[in-house]
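A.B. asks: What shape does this take:
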Amino acid sequence: MLYKVPAIQTLSALSLFLTPLVSIQAQAENIPEIIVTANRTANTVDETIAPVTIITRKDIDRLQAQSVVDVLKSTLGIDVKTSGGMGSSTSIFMRGTNSDHILVLVDGVPYGSATLGITPFQYIPVSQIERIEVVRGPQSSLYGSSAIGGIIQIFTNKETRGQSFYADTGYGSDDTVEANAGFGYGNETSSFNIGVGYIDTNGYDFLGNPDSANADNDDDSFDNTSVSINGRHKFNEQFTLSGSYLLADGENQYDYTNGLNLATTKTRTEFKQQVASIVADLKINDIWSSQLLIGQSKDESDYYQYPYFETTIEKYQFDTTKDNFSWKNDFIIRDKDILTVGFDYLDESVDSTTNFDKDSRWTKGVFTQYQYYGEVFDIKGAWRYDDNQQFGSHNTSNIGLGFDLDEYLRVTVNYGRAYKSPTFNDLYYPDVGYFKGNSGLKPETSESFDFGLSGEFKSINWSANFYTTSIRNLIEYQYPTMENIDKANIDGIELSLGTQLFGWNIQGNISHTNSKNDDTGNYLTNRSRDTFRLDMDSKYKNFTYGASIIAASKRYLDANNDNTLAGYGIMNIRSAWELTKNWTIKAKVDNLFDKEYSTNRQTYGNELPYKAQDRFAFASIHYKM
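C.D. replies: Residues are numbered from 1 along each chain as shown. This is a model prediction of the structure:
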């Protein structure tokens, strides 16, 4: 049945940074999980009006995922495009919007490239993640630019109670080696956690066509060394200080042509990703709580490749930094009312071997939100004003209604406006022949409407969401630069169903979206209209086993819809054997039937498709205390 915890009790129990603690306690007490991203306050999933998906550490371990891409692939409302296997360039589309229409946060800090405008999901170490919250639909009224399609927030590992230690290592296809270890300690006032991870694979030839002049006929390797550190101390009932740090450092090789069809075996990217934050939670009095966050994310990438139509390899440096300050205040008006008022400051800067006309900009934002949670009726309204150094001011808003028709059925309605500022690449990249920036671009703006139904009955939980989004000034590539399309219209449906049947835990979802250029009637590029995922898991004594079926329909590669990549369907299988309380052996096979497919191709040269991962087997041993 639908079970609601009073919002005021939830809010007073935690702050943004302490969410994992409450999540663990909620599971132990068999009450709904807590989510914070949808409203910037703590709410149970059942009382959250926006459509959300929570991916826990338990889910990540069950899937035996080795990357964030593995976790997000075909998550409800999400489509993934990759340029090869592990470590390759990745784009994620939510609800048919562009890949840069997703705001990504790591422990509350905005994360991603300020030049490309997208997040390098392929570099985020999944071993350092405790949970992922996905919020579908516009959220600019709380978070500002980029959140047209939705938000993905990643929480790194945080220890809460007692002492823990874990270590694991494994080996698999393509000479893939992985090792992780971590230690944590916590009590009622303090906690500390540190984790380290390493993954290395020889990979395979992403282009994989030895008869093509564009193919370099070498394996495209990838390695990533990661560290996460988290700490918390509760000085008294009024003041708690927290801090987090995440590092990912490595190299990935890739296939590339520069117009001369050279065998470019030395092309590679050396990357370093860092996210750090300090959070102060203050309880001013019984009705006022305040949170201060200071954060920084750095995306540092050195590309080694041949200049266009030249034969000598060169280094291209693209380092971007996002400095963030946030001050949020929550006021308990009555037992069922919460008023939130806050201020955000974001400074973006670029340090590159490429000469951008401008290399920094700031954005200031103020926001407010009102939430009411009744016995059968909930309402949320939010408004935000942003002042961008480059484009001036933007107003965005959101309103959501939730109705519990009975204990088994909930109805939600959401309306929101959002916007997205052009990136530094969009605006100021120098002319290199096949691409140049367009300083005349306007910010993208959107309006969205969502109608949702969800319910629980006995062992069955389900949801259905119908949405429509209208985007004006949509930014798309039209040779040789980026242009504002007058308007794009997107509509879609998302369905999910979970149940227990004959000893199996079954969870499935299907998404259908129509994303069209309103001027031409053509579909927007690089995203599938249909995605499907089915997870099935069961247990016999100390042995667990499961399978996932993942599928996506064809996608168009050009604005005229003349070229396509075929859809695909793959099956992954997995098993785990708990030897003792502390030791577990795991094994998996991804793409069991060795399906050959692609979700992206080169945009010039012979336009070869990038091969997605073929059959991949991996086995590992795990110790946990």
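
A.B. asks: Report the contact partners of T75.
C.D. replies: When contacts are counted by CB atoms under 8 Å, 6 or more residues apart in numbering, T75 is found next to 53, 55, 134, 509, 533. Any C-beta I mention is one placed from the backbone N, CA and C, and that applies to glycine too.

A.B. asks: Quick check: the second one vs S228, distance?
C.D. replies: Here the criterion is CB to CB, to the nearest Å. By it, I55 lies 17 Å from S228.

A.B. asks: Looking at these two, which is more packed in?
C.D. replies: Set side by side, I55 and S228 give different neighbour counts by other CB atoms under 10 Å, the larger being at S228 (26 against 20).

A.B. asks: The more buried one belongs to a helix, doesn't it?
C.D. replies: No - under DSSP: H, G, I helix; E, B strand; the rest coil, S228 sits outside any helix and is assigned strand.

A.B. asks: which intervals of this protein have sub-threshold pLDDT?
C.D. replies: Using pLDDT under 70 as the threshold, the predicted model of the chain has low-confidence ranges 1-32, 159, 208-217, 257-266, 307-311, 603-606.

A.B. asks: For the chain, which residue occupies the most central location?
C.D. replies: In the chain, the C-alpha closest to the average C-alpha coordinate belongs to I152, at a distance of 4.0 Å (CA atoms, centre = their mean).

A.B. asks: Does it touch R136 like I think?
C.D. replies: No - using CB atoms under 8 Å, I152 is not in contact with R136; the gap is 9.9 Å.

A.B. asks: Mutual contacts of those two, please.
C.D. replies: Any residue near both I152 and R136 by CB under 8 Å, 6+ apart counts here, and that gives M94.

A.B. asks: Only the buried residues of the helix or strand harbouring N180, if you could.
C.D. replies: Assignment of secondary structure by DSSP states H and E places N180 within strand 176-186. Judged by neighbour count using 16 or more other CB atoms under 10 Å, the buried positions of strand 176-186 are 176, 178-186.

A.B. asks: And stretch 101-120, by the same measure?
C.D. replies: By neighbour count, and taking 16+ other CB under 10 Å as the criterion, the buried residues in stretch 101-120 are 101-120.

A.B. asks: Cross those against strands and list the overlap.
C.D. replies: 102-106, 109-110 (DSSP state E).

A.B. asks: Quick check: V341 touching T368?
C.D. replies: Yes - judged on CB under 8 Å, V341 makes contact with T368 at a distance of 5.0 Å.

A.B. asks: Quick one: neighbours of the closest residue to L247 other than its chain neighbours, just the number.
C.D. replies: The shortest distance from L247 to any residue that is not its chain neighbour, by CB to CB, 6 or more residues apart in numbering, is 4.5 Å, and that residue is V227. Other residues near V227 come to 16 when the count uses other CB under 10 Å.

A.B. asks: What of K581?
C.D. replies: Taking other CB under 10 Å as the criterion, the count of residues near K581 is 8.

A.B. asks: does it count as helix, strand or coil?
C.D. replies: K581 carries the three-state label coil when classified by three-state DSSP.

A.B. asks: and the gap between it and F271?
C.D. replies: Summarising the geometry, the distance separating K581 from F271, computed by CB to CB, is 38 Å.

A.B. asks: same question, Q139
C.D. replies: 28 Å.

A.B. asks: Which of those two has more residues huddled nearby?
C.D. replies: Applying other CB under 10 Å to Q139 and F271 shows that Q139 carries more neighbours, namely 28 against 21.

A.B. asks: Touching, the more buried one and I151? I think so.
C.D. replies: Yes - using CB under 8 Å, Q139 and I151 qualify as a contacting pair, with a distance of 5.1 Å.

A.B. asks: Now for these two: what residues contact both?
C.D. replies: Taking CB under 8 Å, 6+ apart as the contact criterion, the residues that touch both Q139 and I151 are L103.

A.B. asks: Which helix or strand lies directly C-terminal to the helix or strand where I506 lies?
C.D. replies: Assignment of secondary structure by DSSP H and E places I506 within strand 504-517. Tracing the chain C-terminally past strand 504-517 and defining elements by DSSP H and E, one meets strand 530-540 next.

A.B. asks: helices or strands next to that next one in the packing?
C.D. replies: On a contact count with 3 or more CB pairs under 8 Å, 6 or more residues apart in numbering; DSSP states H and E, strand 530-540 meets strand 504-517, strand 543-552.

A.B. asks: Next, the buried residues of that strand.
C.D. replies: For strand 530-540, using 16+ other CB under 10 Å, the buried residues are 531-538.

A.B. asks: So which residues of the stretch 101-250 of the chain form helices?
C.D. replies: 140-143 (DSSP state H, counting those that start in this stretch).

A.B. asks: neighbouring strands for the strand holding N180, and are they parallel or not?
C.D. replies: Strand 176-186 has the following strand partners under DSSP bridges: strand 162-172 (antiparallel), strand 190-204 (antiparallel).

A.B. asks: quick revisit: of the ones in strands among the buried residues of stretch 101-120, closest to V126?
C.D. replies: Sorting these by how near they are to V126, with CB to CB, puts V106 at the top with 12.7 Å.

A.B. asks: tell me, how many neighbours does the nearest residue to the closest one once chain neighbours are set aside end up with?
C.D. replies: For V106, the nearest residue in space outside its immediate sequence neighbours is V275; the separation is 4.4 Å by CB to CB, 6+ apart. By other CB under 10 Å, 26 other residues sit near V275.

A.B. asks: Contact partners for V275?
C.D. replies: The contact partners of V275, taken as CB under 8 Å, 6+ apart, are 106-107, 109, 111, 244-246, 295-298.

A.B. asks: any idea which of those is closest to L565?
C.D. replies: The nearest one, if we look at those relative to L565 and count by CB to CB, is Y111, at 28.6 Å.

A.B. asks: Give me the spatial nearest neighbour of that closest one, chain neighbours excluded.
C.D. replies: With CB to CB, 6+ apart as the criterion, Y111 has its nearest non-adjacent residue at 4.5 Å, and that residue is S297.

A.B. asks: and the one you found, that's in a helix?
C.D. replies: No - note on S297: no helix contains this position according to three-state DSSP, which reports strand.

A.B. asks: Roughly how far does it sit from L105?
C.D. replies: Counting by CB to CB, the gap from S297 to L105 is 9 Å.

A.B. asks: Give me the common contacts of those two.
C.D. replies: Shared between the contact lists of S297 and L105 (criterion: CB under 8 Å, 6+ apart) are residues Y111.

A.B. asks: My read is that I549 contacts L534, right?
C.D. replies: Yes - under the criterion of CB under 8 Å, I549 makes contact with L534 at 4.5 Å.

A.B. asks: Who is K588 paired with across the strands?
C.D. replies: R574, F618.

A.B. asks: How about the contacts made by it?
C.D. replies: Counting by CB under 8 Å, 6+ apart, the residues that K588 touches are 64, 572-575, 617-619.

A.B. asks: Then I132?
C.D. replies: Contact partners of I132, counting by CB under 8 Å, 6+ apart, are 54-55, 68, 71-72, 152-155.

A.B. asks: Among those, which are located in strands?
C.D. replies: Among the contacts of I132, the members falling in strands are 54-55, 152-155 (criterion: DSSP E).

A.B. asks: how about the strands in the stretch 201-350 of the chain?
C.D. replies: 220-236, 239-253, 268-283, 288-305, 314-334, 337-352 (DSSP state E, counting those that start in this stretch).

A.B. asks: List the buried residues for the third one?
C.D. replies: Read it as strand 268-283. Within strand 268-283, the residues that qualify as buried are 268-269, 271-281, 283, counting by 16+ other CB under 10 Å.

A.B. asks: try the second one
C.D. replies: By neighbour count with 16+ other CB under 10 Å, strand 239-253 contains the buried residues 240-253.

A.B. asks: thinking again about what came up before, tell me the bridge partners for the residue nearest to Y111.
C.D. replies: Counting by DSSP bridges, S297 is bridged to V275, K322.

A.B. asks: Hmm, G108 and it touching each other?
C.D. replies: No - the pair S297 and G108 does not pass the contact test of CB under 8 Å, sitting 10.7 Å apart.
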